[in-house]
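J.: Need coordinates for the following:
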Amino acid sequence: MKAKDLRSKDTAELNTELMELLKAQFSMRMQKATQQLTNTSQLSGVRRDIARVRTLLQERANAK
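T.: Now for the predicted structure:
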């Protein structure tokens, strides 16, 4: 997910995206714990996407 794509979304959509990413991260953590996750690099990708969304939300909160 690119930051450019995220900037085009409004705050409500970003909050929805954040919740989906957090659910995906939890699911991947459980799969990793049970040895079912084959591509462990996805976990770090999701973590970075969460950071991108949170950064944009913080930027918008500080701009007001």
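J.: my read: residue 31 touches residue 42, true?
T.: No: judged on CB atoms under 8 Å, residue 31 makes no contact with residue 42 at a distance of 9.5 Å. Every residue, glycine included, has its C-beta placed from N, CA and C.
J.: Now the residue positioned nearest the centre of the chain. Nearest residue, chain neighbours left out?
T.: Nearest residue to the geometric centre of the chain (CA atoms, centre = their mean): residue 50, 2.7 Å. Excluding its sequence neighbours, the residue lying closest to residue 50 (CB to CB, 6 or more residues apart in numbering) is residue 21, at 4.9 Å.
J.: and the next element down the chain from the helix or strand where the one you found lies?
T.: Residue 21 belongs to helix 11-33 when assigned by DSSP states H and E. Where DSSP H and E defines the elements, the next helix or strand beyond helix 11-33 is helix 41-63.
J.: now that next one: how far from the chain's centre is it?
T.: Put simply, helix 41-63 sits 6 Å off its chain's centre (CA atoms, centre = their mean, to the nearest Å).
J.: lowest-confidence helix or strand of the chain?
T.: Scoring the helices and strands of the chain by mean pLDDT, DSSP states H and E places helix 3-7 at the bottom, with a mean of 90.
J.: just checking, residue 56 touches residue 3?
T.: Yes: here residue 56 lies in contact with residue 3, judged by CB under 8 Å, at a distance of 7.2 Å.
J.: Pick out whichever of the two has more residues nearby.
T.: Set side by side, residue 56 and residue 3 show more neighbours around residue 56, with 18 against 11, by other CB atoms under 10 Å.
J.: Now the more buried one: closest residue in space, sequence neighbours ignored.
T.: Using CB to CB, 6+ apart, the closest residue to residue 56 is residue 6 (5.5 Å).
J.: Tell me where the model's unsure across the protein.
T.: For the chain, no stretch is flagged by pLDDT under 70.
J.: ok, now with 80
T.: Along the chain, the parts satisfying pLDDT under 80 run over 1, 64.
J.: Quick check: the gap between the residue nearest to the centre of the chain and residue 58.
T.: 12 Å (CB to CB, to the nearest Å).
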